[in-house]
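Novice: the amino acid sequence is not available; the structure is as follows:
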């Protein structure tokens, strides 16, 4: 004699065995399964056939578990990015403070502090990029905007990137030499250095990163 | 029957549009889509839930546990403000594709 409750309990066991551990999806799936079984039985099928058809329709335990895992992972990524971004922002700001205070008071920055200052600036840029990915993802806006953009020709881009790289290096060099010789960097040189680094980053992105990256 | 890629791409706009009509639950959503499409769009039943959960985490929809008419536990979903914006964007994009296709088909018959 077919026992619907027993079959449902077995089905739950199968789902748990496949790794569907969180109770929420399982309860929700079971509610769906029961709705479908009821509908099939109303249309004249017996309980056993209704159960067999409905449990087949709801999908294979392993496939379902994989899909749930995927959706959780996407969420974890987002949360992890937000937390990392917040930590990065705070750490970056903290690293900027000693150098900036010295710069304000003495118009020079000791090498050690300059190092920290640059790491701090990098952290700030990096965390803002993370926040941008989370809150303004490119894919979310519109697929059509993406299609409208025409990729620039790679040789032209490489050339432009090289020029930007060279200008960046030229700007960074004097400050590095000053830091090397005098054990400190003057305000003007520091300004040029930061700008130079920005150019170096832009230049390397232009030169080494091809335009069409696959959007994950 | 609609091909797999198109079913996947249209799941989110369809869920959003169905929920725009009011609170609903997974099973009712699958039945409604089946009915409206004349059985041509059929979601693999269980696959709908990971999509709903993802949309909830993205802040497009929200959910609450309630009870069915027979007293069973049931999870109800409804649209949030972000969901309405996303729906409007989907509608805009799908109508664009539709109007381009329709225009091209007309040209072929002239």
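Specialist: Sure, I can see it. Keep in mind it's a predicted model, so treat the numbers as computed, not measured.

Novice: could you give the average pLDDT over the helix or strand hosting residue B:107?
Specialist: Residue B:107 is part of helix B:81-109 when elements are defined by DSSP states H and E. Taken as a whole, helix B:81-109 has a mean pLDDT of 92.

Novice: could I get the contacting residues of whichever residue of chain B sits closest to chain A?
Specialist: Nearest residue of chain B to chain A: residue B:46, at 3.6 Å (Cβ to the nearest Cβ). No exception for glycine: its C-beta is placed from N, CA and C like everyone else's. For residue B:46, the contact set (Cβ atoms under 8 Å, 6 or more residues apart in numbering or on different chains) comprises A:29, A:32, A:58, A:59, A:63, A:64, A:67.

Novice: how much space separates the nearest residue to it once chain neighbours are set aside from residue B:91?
Specialist: Residue nearest to residue B:46 in three dimensions, not counting chain neighbours: residue A:59, with 3.6 Å by Cβ to Cβ, 6 or more residues apart in numbering or on different chains. Separation of residue A:59 from residue B:91 (Cβ to Cβ, to the nearest Å) stands at 29 Å.

Novice: comparing these two, which residue is more hemmed in?
Specialist: residue A:59 (19 against 14; other Cβ atoms under 10 Å in any protein chain shown).

Novice: run a quick neighbour tally on the nearest residue to residue B:60 once chain neighbours are set aside.
Specialist: Leaving aside its chain neighbours, residue B:60 sits nearest to residue B:83 (3.8 Å; criterion: Cβ to Cβ, 6+ apart). Using other Cβ under 10 Å, residue B:83 is surrounded by 23 other residues.

Novice: the helix holding residue B:107 - contacts with which helices or strands?
Specialist: helix A:143-148, helix B:4-20 (3 or more Cβ pairs under 8 Å, 6 or more residues apart in numbering or on different chains; DSSP states H and E).

Novice: could you rerun that using 6 Å?
Specialist: helix B:4-20 (3 or more Cβ pairs under 6 Å, 6 or more residues apart in numbering or on different chains; DSSP states H and E).

Novice: angle of the helix it packs on against helix B:81-109?
Specialist: Angle of helix B:4-20 versus helix B:81-109, following axes from the mean of the first three to the mean of the last three Cα atoms, to 10 degrees, is 130 degrees.

Novice: check residue A:136 and give its pLDDT.
Specialist: 69.

Novice: and the pLDDT at residue A:197?
Specialist: On pLDDT, residue A:197 comes in at 89.

Novice: the one 3 residues further on now?
Specialist: Per-residue confidence for residue A:200 comes out at a pLDDT of 89.

Novice: so for whichever strand or helix holds it, what gets flagged as buried?
Specialist: Assigned by DSSP H and E, residue A:200 belongs to helix A:187-208. For helix A:187-208, burial by neighbour count (16 or more other Cβ atoms under 10 Å in any protein chain shown) applies to A:189-190, A:192-194, A:196-197, A:199-200, A:202-203, A:206-207.

Novice: which strands and helices lie in contact with it?
Specialist: Partner elements for helix A:187-208 (3+ Cβ pairs under 6 Å, 6+ apart): helix A:154-182.

Novice: now the angle from the helix it packs on to helix A:187-208?
Specialist: 150 degrees.

Novice: what is helix A:154-182 packed up against?
Specialist: With contacts taken as 3+ Cβ pairs under 6 Å, 6+ apart, helix A:154-182 sits against strand A:184-186, helix A:187-208.

Novice: which residues of chain A lie near chain B?
Specialist: Residues of chain A lying close to chain B by Cβ under 6 Å from any Cβ of the partner chain are A:25, A:28-29, A:31-32, A:35, A:57-59, A:64, A:67-68, A:71, A:75.

Novice: among the residues you listed, which ones are in helices?
Specialist: Those of these mapping onto helices are A:25, A:28-29, A:31-32, A:35, A:57-58, A:64, A:67-68, A:71, A:75, per DSSP state H.
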